[in-house]
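K.L.:
Generate coordinates for the sequence data below:
(chains A and B)
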Amino acid sequence: MAENSREKFLEVRDLTVTYFPEGGRPIHALDGVSIGIGAGEVVGILGESGCGKSTLANALVRLSPSHAKIEGMISFRGRDLLTLPVPELRAIRGRDISLMGQDPALGLNPVMKAGTQIEEVLRAHFPFDRKQRRVRAMELLGEVGFDNPAEIYSAYPHQLSGGQRQRIAIAQALSCRPALLIADEPISKLDATLQAGIVELLKRIRRQNQTAILLISHDPSVFAGFANRIAVMYAGRVVELGTTFQIFQQPLHPYTQALVRLASASVITDAKPRIKFPAIEGESARPDQIAAGCRFETRCPERMDICSHRYPQEFFPEPSRPVNCFKYGE
Amino acid sequence: MITTDRGATESFLFVKGLCKKYVRGSFWRKRVAIDAAAGVDFEIAAGRTLALVGESGSGKSTVARCVTRLEKPDSGQVLIGETDIADLDGRELAPFRSRIQMVFQDAVTSMNPSFSAQEVIEEPLLLDSTAGRANLTRKNRSELAAALMEEVKLSPDWLRRSILHFSGGQRQRLALARALALRPQLLVLDEALSGLDLSTQAQIANLLLDLQAAHGLTYLLISHDLALVARLADTIAVISAGKTVEVGPTQQIISSPRVAATQQLVASAEASASNLAAIMGTT
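P.N.:
This is a model prediction of the structure:
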């Protein structure tokens, strides 16, 4: 199934990212993460704040902060991005692999028109002249769902709504027809009414351009009907991997089970007022205080003695269905 | 316009005909008046929760700001019990300021970053003139701050910690502790759970339910998230273009929305729910 059957054009192996902030303790943001993405595939990364998902997104395009130490390998079409010389990396970043961040307000330059910002990306990668760039920018604005591209082209970010800004960010990310789009929490900062539109747009892009998408979110429902596979991350590590169907129908790791239970509790037609959510107790593990054993142990309703002593290795209760939990072996 | 019947239940907050316009523009640009609120009506019974829902720009935050008197309404009534606070000012308004508190989205970013948790919680105690907290000794204040931390499930050991070290969810808990310092009767929660992880939202929503049960708090909840609203609110008021377009019990609004604005909101929420239902095989 998943990891081996389809050829992966992006392979991450044992990626470990440690931050060394000035005057603070080292932060183990990512710890031995391995994942692969095939052409046109949508892979979801499910995890809460602090699990390392944004660290992963940034590391994939080598945009980690300067105090970060990165180990492991990121192979893109056979080349290791971590050791690539900068000019070659620059040719890939934005063109073959593009990243869109979670906050549409922060990602855009406030003093540049929207259209010009899309053209900036084109200018960096293609030898178009001004006229060609403008034509392409207008086309992209149409592709991301604007009925009035000319108006939007000339607008400044503060004149646009959150949903519109996010579409501009998508237009930028798509401008060079990348093989992989990394979408880091693309809808979490948007109003509920705008979220579905952005997800539909991403689906359409994937259908039309065969763009692979690495979709990062803390909300399981984003992946339903969209992602092919989901990797569940907790405190810097992948703890479970499976197809979307498997993850939702039969989640294995207690953390995944709790998240799926929570997501289904959010279905509004079932809810009655004053009934509590099935919340997960406790706080997420702090990345500067990593325990020796399982990192979810303190919050796990099924914890056993062994869980605090040893980190659970990968078990395979089914083929191609890795899960790091002692429930499935020793 | 919706007419609400005042008589039936013990109403804590009664809003009628609330109007507020903002004027955009200045010397060199044409001045344009925008009707942020153009006739809003709703009431909340004591100890209950009303959710104000509507899309971005519909006027929900304006209503919140008028109810808490961060803004003065242009017209309309805001009745707390028997008193209309819409027109009050200065000393007459002061006692109501401690009875109504507000919690914002990402509240801590609007706080002084050099403060510790203790300073954030104690600030209202130091500024208070009407809730009877001004006479507390330093020791009493500390004890109260510690008790409030515990109430919001934060460890009192963290009182001296800088607010910068708190996570997003912890920060919202801190904002709640601060809001409770003056023992308010009404909490206005303006997208107070937005932008938080699903798991954190669930924890804070549960905390809100606990606090309401413990203190008999009345909540005005502003949220675009119907899943949260469905669990927290007894009543929903739908705002569109500055007006109340539909008001009713939560389950009724969700199961049979009458007007277009409401139907759109419910449809958006149900769209993501149906994807989930499909994949989980539950329909």
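K.L.:
Need the per-residue pLDDT for residue 225.
P.N.:
I'll assume chain A. You'll see A:Gly225 listed with a pLDDT of 88.
K.L.:
could you do chain B instead?
P.N.:
At B:Asp225, pLDDT is 87.
K.L.:
mind checking the longest helix of the chain?
P.N.:
Since no chain was named, I'll use chain A. helix A:192-209 (DSSP state H).
K.L.:
Correction: the question concerned chain B.
P.N.:
helix B:260-280.
K.L.:
I'd like to check the angle between it and helix A:192-209, please.
P.N.:
With axes from the mean of the first three to the mean of the last three C-alpha atoms, to 10 degrees as the basis, helix B:260-280 and helix A:192-209 are set at 50 degrees to each other.
K.L.:
I'd like to know which elements helix B:260-280 is packed against.
P.N.:
Here helix B:260-280 touches helix A:192-209, helix A:244-249, helix A:254-265, helix B:226-232, strand B:235-240, strand B:243-249, helix B:250-255, going by 3 or more C-beta pairs under 8 Å, 6 or more residues apart in numbering or on different chains; DSSP states H and E. The C-beta positions use only the backbone N, C-alpha and C, and glycine is treated the same way.
K.L.:
In a markdown table: those, plus distance to B:Thr109 and mean neighbour count.
P.N.:
As requested, the helices and strands packed on helix B:260-280 are exported to a markdown table (distance: least, C-beta to C-beta, whole Å; neighbours: other C-beta atoms under 10 Å in any protein chain shown):
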| stretch | distance to B:Thr109 | mean neighbour count |
| --- | --- | --- |
| helix A:192-209 | 22 | 18 |
| helix A:244-249 | 34 | 20 |
| helix A:254-265 | 26 | 21 |
| helix B:226-232 | 21 | 26 |
| strand B:235-240 | 25 | 25 |
| strand B:243-249 | 30 | 19 |
| helix B:250-255 | 30 | 18 |
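K.L.:
Tell me which of the ones you listed sits nearest to A:Met233.
P.N.:
Among the helices and strands packed on helix B:260-280, the nearest to A:Met233 by C-beta to C-beta is helix A:254-265 (9.5 Å).
K.L.:
okay, the helices and strands packed on helix B:260-280 in TSV with distance to A:Ala292 next?
P.N.:
Listed next are the helices and strands packed on helix B:260-280 as TSV, based on distance: least, C-beta to C-beta, whole Å:
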stretch	distance to A:Ala292
helix A:192-209	39
helix A:244-249	27
helix A:254-265	18
helix B:226-232	37
strand B:235-240	48
strand B:243-249	51
helix B:250-255	46
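K.L.:
Show me what counts as buried in the helix or strand hosting B:Asn140.
P.N.:
Taking DSSP states H and E as the criterion, B:Asn140 maps to helix B:138-151. For helix B:138-151, the neighbour count (16 or more other C-beta atoms under 10 Å in any protein chain shown) marks B:141-142, B:144-146, B:148-149, B:151 as buried.
K.L.:
which of those lies closest to chain A?
P.N.:
Distance to chain A across those (C-beta to the nearest C-beta) is lowest for B:Met149, with 14.3 Å.
K.L.:
hang on, the earlier thing: between the helices and strands packed on helix B:260-280, which gets nearest to B:Lys30?
P.N.:
strand B:243-249 (25.1 Å).
K.L.:
then stretch A:215-222 to PDB, C-alphas only?
P.N.:
The C-alpha trace of stretch A:215-222 is given here as PDB (Å, rounded to 0.1, in the frame of the first residue of the first chain):
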ATOM      1  CA  LEU A 215      -1.900  19.300   3.500                       C
ATOM      2  CA  ILE A 216      -1.200  20.300   7.100                       C
ATOM      3  CA  SER A 217      -4.000  20.700   9.600                       C
ATOM      4  CA  HIS A 218      -5.000  20.200  13.200                       C
ATOM      5  CA  ASP A 219      -8.600  19.500  12.100                       C
ATOM      6  CA  PRO A 220      -9.200  16.000  10.900                       C
ATOM      7  CA  SER A 221     -12.300  17.000   8.900                       C
ATOM      8  CA  VAL A 222     -10.200  18.900   6.400                       C
END
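K.L.:
Could you check it against chain B for contacts?
P.N.:
Yes. Judged by C-beta under 8 Å from any C-beta of the partner chain, stretch A:215-222 and chain B are in contact via A:218-222.
K.L.:
I'd like the distance from that stretch to the chain centre, please.
P.N.:
8 Å (C-alpha atoms, centre = their mean, to the nearest Å).
K.L.:
Report the rounded mean pLDDT for that stretch.
P.N.:
The pLDDT scores in stretch A:215-222 average 92.
K.L.:
Next, work out how far apart B:Glu122 and B:Ile204 are.
P.N.:
From B:Glu122 across to B:Ile204, the span is 22 Å (C-beta to C-beta, to the nearest Å).
K.L.:
now A:Gly282
P.N.:
Relative to B:Ile204, and taking C-beta to C-beta, A:Gly282 is found at 14 Å.
K.L.:
higher neighbour count, the two?
P.N.:
B:Ile204 (25 against 13; other C-beta atoms under 10 Å in any protein chain shown).
K.L.:
which residues sit in contact with the more buried one?
P.N.:
Contacts for B:Ile204 (C-beta atoms under 8 Å, 6 or more residues apart in numbering or on different chains) come out as B:169, B:172-173, B:176, B:192-193, B:196.
K.L.:
now do 10 Å
P.N.:
A:277, A:279, B:103, B:152-153, B:168-170, B:172-173, B:176, B:189, B:192-193, B:196, B:228 (C-beta atoms under 10 Å, 6 or more residues apart in numbering or on different chains).
K.L.:
what does A:Leu190 give?
P.N.:
A:102, A:104, A:161-163, A:165-166, A:196-198, B:56, B:194, B:224.
K.L.:
mind checking the SS state of it?
P.N.:
coil (DSSP: H, G, I helix; E, B strand; the rest coil).
K.L.:
Assign the most centrally placed residue in chain A to one of the three secondary structure states.
P.N.:
The residue lying closest to the centre of chain A (C-alpha atoms, centre = their mean) is A:Ile216, at 2.5 Å. Under three-state DSSP, A:Ile216 falls in the strand class.
K.L.:
which residues does it bridge with?
P.N.:
In this entry, A:Ile216 is beta-bridged to A:Ile45, A:Asp184, by DSSP bridges.
K.L.:
which stretches of the stretch 201-330 of chain A form strands?
P.N.:
Using DSSP state E, counting those that start in this stretch, the strands of the stretch 201-330 of chain A run over residues A:212-217, A:229-234, A:237-243.
K.L.:
which residues in chain B form strands?
P.N.:
B:11-24, B:32-45, B:49-53, B:75-80, B:83-84, B:100-104, B:186-190, B:218-222, B:235-240, B:243-249 (DSSP state E).
K.L.:
want to try CSV for these, with distance to B:Leu159 and mean pLDDT as columns?
P.N.:
Output for the strands of chain B, formatted as CSV (distance: least, C-beta to C-beta, whole Å; pLDDT from 0 to 100):
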stretch, distance to B:Leu159, mean pLDDT
strand B:11-24, 32, 91
strand B:32-45, 33, 89
strand B:49-53, 30, 96
strand B:75-80, 32, 94
strand B:83-84, 36, 92
strand B:100-104, 20, 94
strand B:186-190, 22, 96
strand B:218-222, 26, 97
strand B:235-240, 37, 95
strand B:243-249, 41, 95
